[in-house]
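Q: for reference, the sequence and a predicted model appear below.
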Amino acid sequence: MPQGFASQGENKVCRLVKSLYGLKQAPRQCNTKLSEALVRFGFVQSYDPSLYVKKTTEGVTLVLVYVDDMLITGDSLKLIEETKVTLQQAFKMKNLGELRFFLGIEFARSNKGILMYQRKYTLELLSELGLEATKSAGTPIDYNLKLTSKQFGDHVKTMKPGDNPPTDQRAYQRLIGKLLYLTMTRPDITFSVQTLSQFLQDPKKSHMEAALRVVRYVKNQPVLGILLSSSLEEKISAYCDADLAACPQTRRSVTGYFVKLGDSLVSWK
């Protein structure tokens, strides 16, 4: 019996009830309860299940939820503070203040706008791969490099057996996954990473070497990111380009584009 339990002559034991936080159903139950509360407070769940929007005559308030982390923003400081107070009355919460770090993305503010970058994430990737002391690359990929799949190479038979052996598939897939997340703030490596992601099934040595070159390239400027401009301009501009029959395997054209809202880059491929 635990110390302090007063028994009244009966043979009783205490049964530990496992907390909700430790159950398999905890994430779903927590999200359901939070979602019900936000809807009750006037928020509407958007097309993205983790994003809630509340529109009033005073302005717009946005709440972004990821597991037990929450990001609150909007165009009115008054509405943001009211949302914080309302949620703190319903849940036990901790206010971490101004946004500086969220899901591996760092934020820095200036009079020019908000800079989104992934310096910490990049340095951790370099450390994991043991490339901190290696020489950096000037470009993310060699323009003259023509990467092909294993099936294409077996069909054409342009190389001798053993010249370009297979590499560790799981290690390659893990590296490409990390680089794909890095493209959230690094449009300059988007083409290279998307090209390398075509060879996840049977990666070869040349594919892994090209992927490591991308890592050595981001080592040049790990703080490089996207600036969300403070300019009030709302003009939408889009640019695109295509390289005719550039794919060595399918002879299809390779296209790319990016879209800007004012001076801020909002979409690219």
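A: It's in.

Q: what sits against the closest residue to residue 167 other than its chain neighbours?
A: Ranked by CB to CB, 6 or more residues apart in numbering and with sequence neighbours excluded, the top spatial neighbour of residue 167 is residue 208, at 4.3 Å. No exception for glycine: its C-beta is placed from N, CA and C like everyone else's. Residues counted as contacts of residue 208 (CB atoms under 8 Å, 6 or more residues apart in numbering) are 167, 168, 171, 172, 175.

Q: give me the element residue 208 is part of.
A: Residue 208 belongs to helix 205-218 when elements are defined using DSSP states H and E.

Q: buried ones in that helix, by neighbour count?
A: 206, 207, 208, 210, 211, 213, 214, 215, 216, 217, 218 (16 or more other CB atoms under 10 Å).

Q: might one say that the fifth one is in contact with residue 173?
A: No - using CB atoms under 8 Å as the test, residue 211 is too far from residue 173 to be in contact (10.3 Å).

Q: name the nearest residue to residue 248, ignoring sequence neighbours.
A: Per CB to CB, 6+ apart, closest to residue 248 is residue 146, 4.8 Å.

Q: burial measure for the one you found, as a count.
A: 10 (other CB atoms under 10 Å).

Q: so it belongs to a helix, correct?
A: No - judged by DSSP: H, G, I helix; E, B strand; the rest coil, residue 146 forms no part of a helix; its state is coil.

Q: just read off the phi/psi values of it.
A: Main-chain torsions, residue 146, degrees, to the nearest 10: phi -110, psi 100.

Q: tell me the pLDDT at the residue nearest to residue 167?
A: Residue 208 is assigned a pLDDT of 91 by the prediction.

Q: what do you get for residue 45?
A: 91.

Q: okay, and the beta partners of it?
A: residue 52 (DSSP bridges).

Q: state the pair within the buried residues of helix 205-218 that is farthest apart.
A: Greatest spacing in the buried residues of helix 205-218, by CB to CB: 206 and 218 (19.7 Å).

Q: helix or strand: which one has residue 106?
A: strand 105-110.
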